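>>> Dropping the sequence and predicted coords here.
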Amino acid sequence: MDFLQTLFGLKRTHKRLVSLVIDSIFLCFAFWAALLVRVDDISVLSDSRHWSLILMVIPFSLFFFTKLGLYRAVLRYMGLQALTAILLGVLASTITLVIIAYYTEALLPRTVPVIYAAFAVVFIGGTRAIIRSMVGSGVKRVGEPVIIYGAGVSGRQLLTSLVLSHEYHPFAFVDDDESLHGTVIQGVHVHSPSIIRKLIKQKSATKVLLAIPSASRVKRQEILNRLEPLSVQILTIPAMADLVNGTKLYSDIKEVEIDDLLGRDAVAPRQDLLTANITGKVVMVTGAGGSIGSELCRQILKQSPKKLVLFELSEYSLYAIERELNATAAELGLNVRILPMMGSVQRENRVQAIMESFGVQTVYHAAAYKHVPLVEHNVVEGVRNNVFGTLYTARAAIAAKVETFVLVSTDKAVRPTNVMGTTKRMAELVLQAFAKENNNTRFCMVRFGNVLGSSGSVVPLFRSQIANGGPVTVTHPEITRFFMTIPEASQLVIQAGAMGKGGDVFVLDMGKSVKIVDLASKMIRLSGYEVRDENNPDGDIAIEFSGLRPGEKLYEELLIGDDVTGTEHERIMTANELHLSWQEYAKILERLDLACHQFDHETIREILLTTPTGFAPTDGICDLLYQQTEKNSDSAKNVIKLA
């Protein structure tokens, strides 16, 4: 092996010279071995005609090997191309041998060329295969021992990628396909998943690499459920789409995506619904730099709008999404004008001016304050942004003759226990009231639950806590949430908006709700750790319960009543819910506006409670400014009493 390492350490030109010399010797050996096997007389070695014959054949043979690319192939990675070059080169060499022997009248038995070809393939091809095997087996033993789950094409590609690096040593395959059990792929045995625990203990493996990019999420969830009790870290290769388009490599191993744990396959979007309000139109997204807003922009861009107006309050968020979208448009060859516009939805004249100037036809209103505790601590700003921001944007859309206005709403608007959810329900009431008025803008709203990977999602928080050694904090042992991926949610928002007739409240099918403590436990175990609790005091990471935050609910709902009907899309439903006329609602909003202006939190709370939103708060007024004002007032009263 030391000799081989020295050989592989030579410069490329030197390696080729060594290969030429060695192949010349092999061809010479092959010729004399063929002659001796056929004639069985050692005296043929002294025949000068035979020496002349082979010395003329060797240069031609080396020329054929060179032209066929044999010396361009890297020996340790030699594959089918090199084998083909060897076979064709030997065939050309044998034909050359026959032709030269004929014209030089060398006495050569007819079977010698056949035997010569066989020996040449064995010497030239066989030695290369042996060296490749020796080098490959040496490399594979370097690195952290891991198991590859999936022995298909992706698994083999992953094995090849890992062999080239020294980070991991893949010592076993496991696969559900029984026909593969007992087979050997590139020196690695394929086993049944039933003995994976034994394999892990055998080599003290700490990681299992999933090489099943084309498997459905349901199938991936089944596999993850089997692997979860093993407390080994589960990593995966990128999705098949990323591998095909070249954005990712097989060696780009990453943590298991949390949506794999949900086990729900996304439904392929309907292209007619995706394009209805976008293709060839001027589209505007408010809150374009947020988690949902930015993904809406990505999905909208793919449908080739005429213009895409990005409306965002945060300068950096606007810069980041504009830069990303311009790069994507250039990469895809899309002729879409992307317009980054700074501003707040609370400035109606600014919003209206933008809509009228650019001729906006479709608006996706995603701008909102969505973090429950922060809105509880900043009630006036939450009301201003979520309720009046929606009011002003909707009025601007009517004035600018926008065709379609889609509000991105939330499941927290259903029987809300917090100010954030209540303000989103009041925003829905704004659009429902406008939808009954005589105007040319079609209003609808789409309500869904938590999205994975959003700025407020628990998933990145849990990952960070696990990486730091814990503990993982969950607010309550019984708390549950609905989850959906951001791309799926955004696509469904666009499709639902295309189906609205006016005033529709669309509800997305979020699947089954997930118990957050179970999600935390799965993430800990799939990261290779054990949960530390009463039953396992020697575990690695504990789960601690911090208590419900202000306004937080144990269970989220998507519907207020039972009056729900399906739509033409299997994942989208429409809810028929109580709403107010604009004349009634305008009076409520007028009182709310005055209360916000005066920072009259008691009146704001009273209005939120009396408006038909279903608001049932679990806490008192948590606004920090209000609490400080009350505290200062109490202090002043105490000073007066003391005086």
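Looks like it arrived, so ask away. Numbering: from 1, shown residues only.
>>> Go ahead and confirm V174 touches V190.
Yes. The criterion here is C-beta atoms under 8 Å, and V174 meets it with V190 at 7.3 Å. All C-beta atoms are positioned from the backbone trio N, CA, C, and that covers glycine.
>>> Look at these two and report which has more neighbours.
The neighbour count for V174 versus V190, taken as other C-beta atoms under 10 Å, is higher for V174 (24 against 19).
>>> re the thing from before, now do the shared contacts for V174 and V190.
Residues touching both V174 and V190 by C-beta atoms under 8 Å, 6 or more residues apart in numbering: A151.
>>> what sits up against the helix or strand containing P170?
Assigned by DSSP states H and E, P170 falls within strand 168-174. Outside of strand 168-174, the residues within contact range by C-beta under 8 Å, 6+ apart are 140-151, 155, 158-159, 162-163, 180, 185, 188-193, 195-196, 199, 203, 205, 207, 209.
>>> Of those, which belong to strands?
Mapping these onto strands (DSSP state E) picks out 144-149, 185, 188-191, 207, 209.
>>> Can you convert those residues into TSV and add a column each for distance to D47 and pLDDT?
Below are the ones in strands among the contacts of strand 168-174 laid out as TSV (distance: C-beta to C-beta, whole Å; pLDDT from 0 to 100):
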residue	distance to D47	pLDDT
E144	59	80
P145	58	85
V146	59	87
I147	59	88
I148	56	89
Y149	61	89
I185	48	78
V188	50	83
H189	51	86
V190	53	88
H191	57	90
K207	63	85
L209	60	87
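>>> so which of those residues comes closest to P471?
Nearest to P471 among the ones in strands among the contacts of strand 168-174: K207, at 23.4 Å, using C-beta to C-beta.
>>> distance between the ends of stretch 303-314?
26 Å (C-alpha to C-alpha, to the nearest Å).
>>> May I see the buried residues of that stretch?
By neighbour count on 16 or more other C-beta atoms under 10 Å, the buried set for stretch 303-314 is Q303, S304, P305, K306, K307, L308, V309, L310, F311, E312, L313.
>>> Pull the distance from that stretch to the chain's centre.
23 Å (C-alpha atoms, centre = their mean, to the nearest Å).
>>> Please apply the same query to stretch 197-210.
Using C-alpha atoms, centre = their mean, the offset of stretch 197-210 from its chain centre is 25 Å.
>>> Could you pull out the buried residues of it?
By neighbour count with 16+ other C-beta under 10 Å, stretch 197-210 contains the buried residues L199, I200, A205, K207, V208, L209, L210.
>>> any idea which of those residues is closest to N536?
Nearest member of the buried residues of stretch 197-210 to N536, counting by C-beta to C-beta, is I200, at 18.2 Å.
>>> What confidence value was assigned to the closest one?
At I200, the pLDDT value in this model is 86.
>>> Same check on I196?
I196 carries a pLDDT value of 88.
>>> number of nearby residues for it?
By other C-beta under 10 Å, 20 other residues sit near I196.
>>> and if you look at G280?
Neighbours of G280 (other C-beta under 10 Å): 10.
>>> ok, now which ones touch the closest residue to it other than its chain neighbours?
Spatially, and ignoring its direct neighbours in sequence, G280 is nearest to K306 (5.4 Å; C-beta to C-beta, 6 or more residues apart in numbering). Contact partners of K306, counting by C-beta under 8 Å, 6+ apart, are G280, K281, V282, V336, R337.
>>> Next up, phi/psi of K306, please.
Torsion angles at K306 (phi, psi; degrees, to the nearest 10) stand at phi -70, psi -50.
>>> Name the residues of the biggest helix by length in the chain that come out as buried.
Identified as the longest helix of the chain according to DSSP state H is helix 12-39. Neighbour counts over helix 12-39 (16+ other C-beta under 10 Å) mark 15, 19, 23-24, 26-28, 30-35, 38 as buried.
>>> And for stretch 215-225?
Buried residues in stretch 215-225, defined by neighbour count with 16+ other C-beta under 10 Å: A215, R217, R220, Q221, I223, L224.
>>> cool, stretch 463-470 as well?
Those would be Q465, I466, G470, for stretch 463-470 by 16+ other C-beta under 10 Å.
>>> Would you mind putting those residues into JSON lines with secondary structure, distance to Q299 and pLDDT alongside?
Below are those laid out as JSON lines (DSSP: H, G, I helix; E, B strand; the rest coil; distance: C-beta to C-beta, whole Å; pLDDT from 0 to 100):
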{"residue": "Q465", "secondary structure": "helix", "distance to Q299": "31", "pLDDT": "87"}
{"residue": "I466", "secondary structure": "helix", "distance to Q299": "31", "pLDDT": "84"}
{"residue": "G470", "secondary structure": "coil", "distance to Q299": "36", "pLDDT": "79"}
